[in-house]
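J.: here is a sequence together with a model predicted from it:
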Amino acid sequence: MAHIAYLRVSTVDQNTDRQLSESGITFDKTFIDKCSGGSTKRPALTELKDYVRNGDTIHVHSIDRLARNLVDLKQLINDWNSQGITVKFHKEGLSFNAGGNDHMSELMLNMLGAVAQFELSMIQERRQEGIEKAKSAGKYKGRPSNELNHQRITELRSQGVSLRKVAKEVGVSLSTVQRALAALEKEID
């Protein structure tokens with residue numbers, strides 16, 4: 001029976017120091033992801049899934065550290081519980097045990113998971129609104145284009161090379177070639 005910590009922050013600049021630091025538990029193994037919780041396709045989470053065994057307890061600081069999507073959250077917990085693994089959320093004081101949980105814990109999981117999902121959608125909406133506002137003010141132009149690639153695309157295309165072959169030669173996607181050529185046409189007009 002191992003005590004395993006799962007920690008997650010959204011960016012590599014953030015640190016996990018505040019998560020589970022006050023739990024007083026000595027963890028047998030710790031898994032750390034530094035990426036968005038919007039998907040379950042995370043390197044450390046994948047390793048954790050492969051590592052845990054019947055009788056283990058997974059400790060997570062809070063629900064939103066494990067998942068930002070209610071369906072993913074419930075799926076992870078159900079999968080682990082069916083394998084005999086307990087999942088404990090310290091901030092919320094909730095524990096999900098193999099063999100069944102109380103109705104109040106299930107209710108809290110659903111409510112808090114829905115709040116985490118709502119919070120993520122609000123963050124995405126605010127980010128998009130900020131981008132639109134910056135674009136209208138002329139302050140946001142998107143990612144800068146790679147001028148060397150654009151020159152090479154133009155050069156190859158002027159030699160009659162097909163769009164797909166240009167993309168392969170330059171090492172970019174077909175849509176990148178099409179956008180580069182469209183931008184060139186705009187400049188000429």
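T.: Cool, the structure landed. Numbering: from 1, shown residues only.
J.: tell me how many other residues crowd Leu163.
T.: Number of residues near Leu163 (other CB atoms under 10 Å) recorded here: 15. (C-beta placed from N, C-alpha, C; glycine too.)
J.: helix or strand: which one has the closest residue to it other than its chain neighbours?
T.: Leaving aside its sequence neighbours, Leu163 sits nearest to Val177 (CB to CB, 6 or more residues apart in numbering; 5.3 Å). Per DSSP states H and E: Val177 is located in helix 174-188.
J.: neighbouring contacts of that helix?
T.: Defining contact as CB atoms under 8 Å, 6 or more residues apart in numbering, one finds that helix 174-188 is touched by Ser145, Asn149, His150, Ile153, Thr154, Arg157, Leu163, Arg164, Val166, Ala167, Val170.
J.: of those, buried ones?
T.: Neighbour counting with 16 or more other CB atoms under 10 Å marks His150, Ile153, Arg157, Val166, Ala167, Val170 as buried within these.
J.: with Val166 as the reference, measure out to the residue of the chain most remote from its centre.
T.: The outermost residue of the chain relative to its centre, with distances by CA atoms, centre = their mean, is Gln159 at 42.0 Å. Distance of Gln159 to Val166, given as CB to CB, to the nearest Å: 9 Å.
J.: please apply the same query to Ala116.
T.: On the measure of CB to CB, Ala116 and Val166 end up 44 Å apart.
J.: what of Thr16?
T.: Thr16 is 44 Å from Val166, by CB to CB.
J.: tell me where the protein has strands.
T.: Per DSSP state E, the chain carries strands over the ranges 3-9, 29-34, 57-60, 86-89, 94-96.
J.: buried set for the longest helix anywhere in the chain?
T.: When the chain is parsed with DSSP state H, its longest helix is helix 103-136. Across helix 103-136, burial judged by 16+ other CB under 10 Å covers Ser105, Met108, Leu109, Leu112, Gly113, Ala116, Gln117, Leu120.
J.: quick one, grab the pLDDT at the residue nearest to Ser23 when sequence neighbours are not counted.
T.: Counting by CB to CB, 6+ apart, Ser23 lies nearest to His90, which is 5.7 Å off, once chain neighbours are set aside. Per-residue confidence (pLDDT) for His90: 93.
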